[in-house]
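Chemist: Coordinates for the following, if possible.
(one chain, ligands or ions: 1)
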Amino acid sequence: MKALVLDAEARAASLCEIPEPSPNSDEVLVQVEAISLNPVDPLYVQHPLAKSGRTIGSDFAGRIASLGSNVQPTGHLKIGDRVAGFLQGASSVNDRPGAFAEYIVIPWDLVWNVPEEMKLEEAAGVSLVALTAAQGMWYRLGLKAPFAYDEGEVLGEHPEWISNRLASGGDPEITNFFIYGASTSVGLHAAQMVRLSAKASGKKVRLFGAASKARWSMLKSEPYAYDFLVDYRDNDWPGQIRRASDGEGMHLAYDCISEDDSVAMVSSTLSGNGRIAIVRSRAGGAWEADHLPTEPVYGAVWEGLGEEVRYQGFTIKRSLAARKFAVDFYRWLGSAAGSKLMPVPSRLMPGGLKKVVDDGFKLLGTGKMEERQVSRSEEWMRPVSAEKLVYRL
Ligand SMILES: NC(=O)c1ccc[n+]([C@@H]2O[C@H](COP(=O)([O-])OP(=O)(O)OC[C@H]3O[C@@H](n4cnc5c(N)ncnc54)[C@H](OP(=O)(O)O)[C@@H]3O)[C@@H](O)[C@H]2O)c1
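Modeler: This is a model prediction of the structure:
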């Protein structure tokens, strides 16, 4: 089969012929029909952690081609079913193949059923960013989830997150929630989850966001329905947020960029006992800040795969609670209730796997968001804004 394979010495990935994998007893084999790109995919080709020969890439959608011997055909998992999920790809030292291949294997309970009305191209853009946002909103910050999961086990592993669950401020009926990077793929999912939590808990949320003005009309509409937006290019946006909350500040915030001074600026909008979750770690060097009012809550989406994740110099421990949360989340995502979560609009890129590196990776770049600059004239090479880059196989 064909796969996009890492050449660590050349800091490149190219289309290679490799053997088709076969599922172990608890896995399914998926014939991949569409993939979507995430910023980590080009990042770890340009700055490889993995050895040459590893299949790169994270997000996929396709059809089940075979079931491992312990996986019983059920109402929701049988050969031919349309499913989506993500793999870690070449984004760790651990030797696990990624998703940018014609066939992949994955534990059966880490795929979700794609609803009939959703195209596989759309579904390919959901798994990684939606789980990232779900971990931020529900698992780490503790908003009420619209599905059951073992929160006691989560807090057993992370007792420090109990205070996040108490951060809704002076008026427990109204939570001020701020999403910085509201037009990112992660942010578009997070806003919907905040709205779902408000419904599930019966509490009111005032949703504040920061995005470029071009995205405001989208973000003010359903299913995001932001109450107040600022332009992240205005220097005074933190002041605008504080003033719009009548000085109360934000009870909870999610920084979907977490670069340079964004973490400090988002933190400056918090109320007295406000809490902030972030998407990039202090340890990884994406941002620095002294004297924050509270230490941001960070985690990696990979934790949902339930495996130890090794980088060069630091390790994220295996978490059973994170894996169980991912399984419960994906079961909900594949249900009638979860299917209401709207996928990020997708841009179908031409050329299939062989154009991923030349085009898609160029658009995402490997540096900071502000360094994403491509001057190419093709229509599909315009800047990425509130959308996922998707390739069909
Ligand atoms: N911790 C984890 O496990 C995890 C998982 C997934 C992603 N991430 C990280 O989360 C971040 C977001 O990922 P993504 O895939 O959602 O990104 P994305 O969809 O590619 O983000 C693109 C958007 O970012 C917005 N943007 C660019 N610079 C900005 C700034 N300075 N302030 C506010 N918005 C800005 C752009 O908005 P405009 O077009 O409006 O300018 C654009 O719509 C990435 O750094 C990614 O690596 C972490």
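
Chemist: okay, now the domains of this protein?
Modeler: The chain breaks down by automatic domain parsing into domains covering 2-126+343-392, 130-322.

Chemist: want to throw those domains into CSV with mean pLDDT and distance to the ligand?
Modeler: Every C-beta, even on glycine, is put in place using the N, C-alpha and C of the backbone. Formatted as CSV, the domains of the chain follow (pLDDT from 0 to 100; distance: least, Cβ to the nearest ligand atom, whole Å):
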stretch, mean pLDDT, distance to the ligand
domain 2-126+343-392, 95, 3
domain 130-322, 93, 3
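
Chemist: how about those in JSON lines, adding mean neighbour count?
Modeler: As requested, the domains of the chain are exported to JSON lines (neighbours: other Cβ atoms under 10 Å):
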{"stretch": "domain 2-126+343-392", "mean neighbour count": "19"}
{"stretch": "domain 130-322", "mean neighbour count": "19"}
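
Chemist: I'd guessed Ala300 sits against Glu307; true?
Modeler: No - Ala300 is beyond contact range of Glu307, at 11.2 Å (criterion: Cβ atoms under 8 Å).

Chemist: Can you list phi and psi of Arg242 for me?
Modeler: phi -60, psi -40 (degrees, to the nearest 10).

Chemist: give me every residue that touches it.
Modeler: Arg242 makes contacts with 249, 268-269, as judged by Cβ atoms under 8 Å, 6 or more residues apart in numbering.

Chemist: 6 Å instead?
Modeler: Thr269 (Cβ atoms under 6 Å, 6 or more residues apart in numbering).

Chemist: quick one: the nearest residue to Ala337 once chain neighbours are set aside and Ala34, what's the gap?
Modeler: In space, and not counting its chain neighbours, Ala337 is closest to Pro146: 6.4 Å by Cβ to Cβ, 6 or more residues apart in numbering. According to Cβ to Cβ, to the nearest Å, Pro146 and Ala34 sit 26 Å apart.

Chemist: ditto for Thr315
Modeler: Taking Cβ to Cβ, one finds Thr315 at 32 Å from Ala34.

Chemist: Just the element for the residue nearest to Ala337, please.
Modeler: Here Pro146 sits in a region with no helix or strand, counting by DSSP states H and E.

Chemist: same deal with Gln240?
Modeler: According to DSSP H and E, Gln240 maps onto helix 237-244.

Chemist: Just the angle for the next helix or strand after that helix relative to helix 237-244, thanks.
Modeler: Next along the chain after helix 237-244, taking DSSP H and E as the criterion, comes strand 250-255. Strand 250-255 runs at 150 degrees relative to helix 237-244, counting by axes from the mean of the first three to the mean of the last three Cα atoms, to 10 degrees.

Chemist: which other residues reach the helix or strand following strand 250-255?
Modeler: Downstream of strand 250-255, the first helix or strand assigned by DSSP H and E is helix 262-267. Helix 262-267 is contacted from outside by 180, 238, 253, 255, 276, 278, 287, 289, 292-293, 296, using Cβ under 6 Å, 6+ apart.
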